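Visitor: predicted coordinates and the sequence they were generated for:
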Amino acid sequence: MKVSLVQMNSQGNKAENLKIAAELIEKAVREEKPDLVVLPEYFAFLGDSPEAMHESGEEFPGGEIYTLLSGLARKHAITLHAGSIVEKEGNRFYNSTLVFGSDGKQIARYRKIHLFDVDTPNGISYRESDSVARGEDVVTYQVGDKTVGCAICYDIRFPELFRALRDKGADVIVLPAAFTLMTGKDHWEVLARARAIETQTYFLAVGQIGAHADGKKACWGHSMVIDPWGHIAAQCSDTVGTASAVLNFDYTATVRTNVPVANHHVL
């Protein structure tokens, strides 16, 4: 399986963000011919208020975002893991991942389980629960004969979710994110590599990068493909762009045979 990660600097202009996302997907397909393409968290809109985020939301199926991504997946015969989007359902909103198969049909939806409510040392507050409700389901999907697990951003700090994905047979775990600059510089790589090592899966950590919210907030970027031994196989540079890698599942089998942690769980 070949994968391409799309690293973005999304802002508060939905139309422009979708245009850039489509261009980057087209670029990755043209240059790398991947099987799976992954976008970052809130790729379609990254605003500074719950009201703005809600305004950008869409009901599924249908809507501008859904239609665009379904069409791109079908056009290029790829699996498209659509980072995360503000999903509207009645009076509720969710931070949701949609996944489209190579025929353009939706094959998975994951609603973020762990919500980021934090006051940072520099005085900036993040209150995700002001914008979205919490999901409940552990979600996987298939790309060929391989199982892919879903998570989003702050989920990375809760290893029990990744144990559950591993127990559901995940060969690959995808984590789109908008990890903050403050925490990202110290925790992003450490946590992502730890999740890969403990689950013995390929871990795709796909981030936003740079300033948004009129420069008041910033994301760390450093999107990575991490192998089941915890090594970084590919990484984006410090700019908008893509990174690609071929996933070798024979290597996964070797890692799991040499250190068979899945056979040793007692709790």
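Guide: Received the coordinates, thanks.
Visitor: gap between G101 and T120?
Guide: Separation of G101 from T120 (C-beta to C-beta, to the nearest Å): 39 Å. C-betas here are computed from N, CA, C, even on glycine.
Visitor: more neighbours, the two?
Guide: For the pair G101 and T120, the greater number of neighbours falls to G101 (19 against 13), based on other C-beta atoms under 10 Å.
Visitor: surely that one touches H81?
Guide: No - under the criterion of C-beta atoms under 8 Å, G101 is not in contact with H81, lying 10.7 Å apart.
Visitor: tell me the centre residue of the protein?
Guide: In the chain, the centroid-proximal residue (C-alpha atoms, centre = their mean) is P176; its distance is 1.7 Å.
Visitor: for the biggest strand by length in the chain, name the packing helices and strands.
Guide: Criterion DSSP state E: the longest strand present in the chain is strand 79-89. Helices and strands touching strand 79-89, by 3 or more C-beta pairs under 8 Å, 6 or more residues apart in numbering; DSSP states H and E, are strand 36-38, helix 50-56, helix 64-76, strand 92-100, strand 106-111, strand 172-177.
Visitor: got JSON lines for these, with distance to T242 and mean pLDDT too?
Guide: Putting these into JSON lines (distance: least, C-beta to C-beta, whole Å; pLDDT from 0 to 100) gives the following:
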{"stretch": "strand 36-38", "distance to T242": "9", "mean pLDDT": "98"}
{"stretch": "helix 50-56", "distance to T242": "24", "mean pLDDT": "93"}
{"stretch": "helix 64-76", "distance to T242": "14", "mean pLDDT": "98"}
{"stretch": "strand 92-100", "distance to T242": "18", "mean pLDDT": "98"}
{"stretch": "strand 106-111", "distance to T242": "22", "mean pLDDT": "98"}
{"stretch": "strand 172-177", "distance to T242": "14", "mean pLDDT": "98"}
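Visitor: would you reformat these as a markdown table and include distance to Q235?
Guide: A markdown table is the format used below for those (distance: least, C-beta to C-beta, whole Å):
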| stretch | distance to Q235 |
| --- | --- |
| strand 36-38 | 14 |
| helix 50-56 | 29 |
| helix 64-76 | 24 |
| strand 92-100 | 22 |
| strand 106-111 | 24 |
| strand 172-177 | 14 |
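Visitor: out of those, flag the one nearest H222.
Guide: Nearest to H222 among these is strand 172-177; the distance by C-beta to C-beta comes to 9.9 Å.
Visitor: ok and the closest one relative to strand 79-89, angle-wise?
Guide: Put simply, strand 172-177 runs at 50 degrees to strand 79-89, going by axes from the mean of the first three to the mean of the last three C-alpha atoms, to 10 degrees.
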